[in-house]
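Asker: have a look at this prediction, sequence included:
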Amino acid sequence: MEMHQVRYFLAVARVLNFTRAADECNVTQPSLTRAIKQLEAELDGDLFRRERPAAQLTELGQRMHPLLKQCYEAATGARELASSFKSGEVGALRIALTHSVDLSLLIPYLDQIKRLFNRLEFRFLRGNASEVAEYLKRGEAELGIAAEISEEWDRLDTWPLFTESFQLVVNRNHPLATRDKIEFNDLRAEQLLSRNYCEHAARVNSSLREHGLDVDRSHEIASERDLIELLEADIGVAVVPDTASIPATLKRANVEGLDARRTVNLYGVAGRERTAVASAVMRMLRGADWQQLISKTASA
């Protein structure tokens, strides 16, 4: 499988027309058609129904589209990184994260980039959702990561990265740590620690309140570090997202009937030129296998 074949496939899937896709890719239509036929031969099935005037994705094409898109974006990001490395360019990454997004999510990708640049500068900014939006507006950050930015700005590009659930976290010495099954009734006598810095805190609290928990008497926490210290001191219990990092002194547990989820998004500014590093990181994050990471973190 060649990357130009994947690029031609994605172009046809986007415009649903072989002639227009060939023009967009700056190749002749016979060349584009031949490359797609070669790709179909490798995949042992038709990717398009060649109807007039528009082409349509077959069932195989629909199933392959997200996989091939992820493959192409990852390859493009790798080429950009290699090009920047050869030119000796100084890498700079300015990224803003909300308080509820764990930096450990980025570590595997930052480690890859660090090894490809002789000189690399990181600048991480923290804030609530509105502050992350302001960092992007003012150009202080090229990329932003947040569960939700309600800011209405027509230049704010949004790419969903993953959707995750929430779990209960308790001290390993807590009686609930030995339970295989936890219900809401088990939490009525517990002191809740509320992560009010999370963009979805109100929704999570609403869900807990619907199940009869006295959320209004919970301890209000202002940072993830404070939350971990209070949990380690067995001051209370907390509901956190699957990707939240916790030390070995704490334990995760599923609560029966807890229906709380959040989608973490990548944000950028449309029409604004990005550095090679930011562009590459953007493609890497969009092409990452987040579900594998979530499953590994949630079961830790």
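Answerer: Thanks, I have it. Worth saying up front: this structure is predicted, and the values here are computed from it rather than measured. Numbering: from 1, shown residues only.

Asker: low pLDDT regions in the stretch 101-250 of the chain?
Answerer: Where the stretch 101-250 of the chain drops to pLDDT under 70, the residues are 117-118.

Asker: where do the strands sit along it?
Answerer: With DSSP state E, counting those that start in this stretch, the ranges of strands along the stretch 101-250 of the chain come out as 120-127, 143-146, 156-171, 192-195, 219-221, 237-241, 250-253.

Asker: got the domain ranges for this structure?
Answerer: As recorded under the TED database, the domains making up the chain are 3-85, 90-162+263-299, 163-262.

Asker: could you dump these into JSON lines and include mean neighbour count?
Answerer: Where you see a C-beta, it was placed from the backbone N, CA and C, and this is true even at glycine. JSON lines is the format used below for the domains of the chain (neighbours: other Cβ atoms under 10 Å):
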{"stretch": "domain 3-85", "mean neighbour count": "16"}
{"stretch": "domain 90-162+263-299", "mean neighbour count": "17"}
{"stretch": "domain 163-262", "mean neighbour count": "17"}
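
Asker: what's the helix or strand containing Pro66 packed up against?
Answerer: Assigned by DSSP states H and E, Pro66 belongs to helix 59-87. Using 3 or more Cβ pairs under 8 Å, 6 or more residues apart in numbering; DSSP states H and E as the contact test, the elements touching helix 59-87 are helix 3-15, helix 276-286.

Asker: quick one, phi/psi of Trp290?
Answerer: Main-chain dihedrals, Trp290, degrees, to the nearest 10: phi -70, psi -30.

Asker: wait, isn't it in contact with Pro160?
Answerer: No. Under the criterion of Cβ atoms under 8 Å, Trp290 makes no contact with Pro160, lying 9.7 Å away.

Asker: got the end-to-end distance for stretch 223-239?
Answerer: Distance across stretch 223-239, first residue to last, is 14 Å (Cα to Cα, to the nearest Å).

Asker: how far is that stretch from where the chain is centred?
Answerer: Here the centre of stretch 223-239 is set off from its chain's centre by 25 Å, with Cα atoms, centre = their mean, to the nearest Å.

Asker: show residues contacting that stretch.
Answerer: 99-100, 102, 166-171, 173-174, 176, 187, 190-195, 197, 204, 208, 218-219, 221, 240, 244, 246-247, 249-250, 255, 258, 260 (Cβ atoms under 8 Å, 6 or more residues apart in numbering).

Asker: repeat that with 7 Å
Answerer: 99, 166, 168-171, 173-174, 190-193, 195, 197, 204, 208, 219, 221, 246-247, 249-250 (Cβ atoms under 7 Å, 6 or more residues apart in numbering).

Asker: any idea how far Ser245 is from Lys37?
Answerer: Per Cβ to Cβ, to the nearest Å, Ser245 is found 47 Å from Lys37.

Asker: right, I mislabeled it, should have said Glu220
Answerer: From Glu220 over to Lys37 (counting by Cβ to Cβ), the distance is 61 Å.

Asker: just to revisit the earlier point, distance to Leu110 and mean pLDDT added to the helices and strands packed on helix 59-87, as a markdown table?
Answerer: What follows is these, written out as a markdown table (distance: least, Cβ to Cβ, whole Å; pLDDT from 0 to 100):
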| stretch | distance to Leu110 | mean pLDDT |
| --- | --- | --- |
| helix 3-15 | 25 | 89 |
| helix 276-286 | 8 | 85 |
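
Asker: reformat those as CSV; add distance to Asn128.
Answerer: Formatted as CSV, those follow (distance: least, Cβ to Cβ, whole Å):
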stretch, distance to Asn128
helix 3-15, 35
helix 276-286, 21
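
Asker: and the ones you listed: which comes nearest Glu59?
Answerer: helix 3-15 (13.4 Å; Cβ to Cβ).

Asker: pLDDT on the following helix or strand past that closest one, on average?
Answerer: Next along the chain after helix 3-15, taking DSSP H and E as the criterion, comes helix 18-25. Averaging pLDDT along helix 18-25 yields 88.

Asker: quick one: distance of helix 18-25 to the chain centre.
Answerer: Helix 18-25 sits 31 Å away from the centroid of its parent chain (Cα atoms, centre = their mean).
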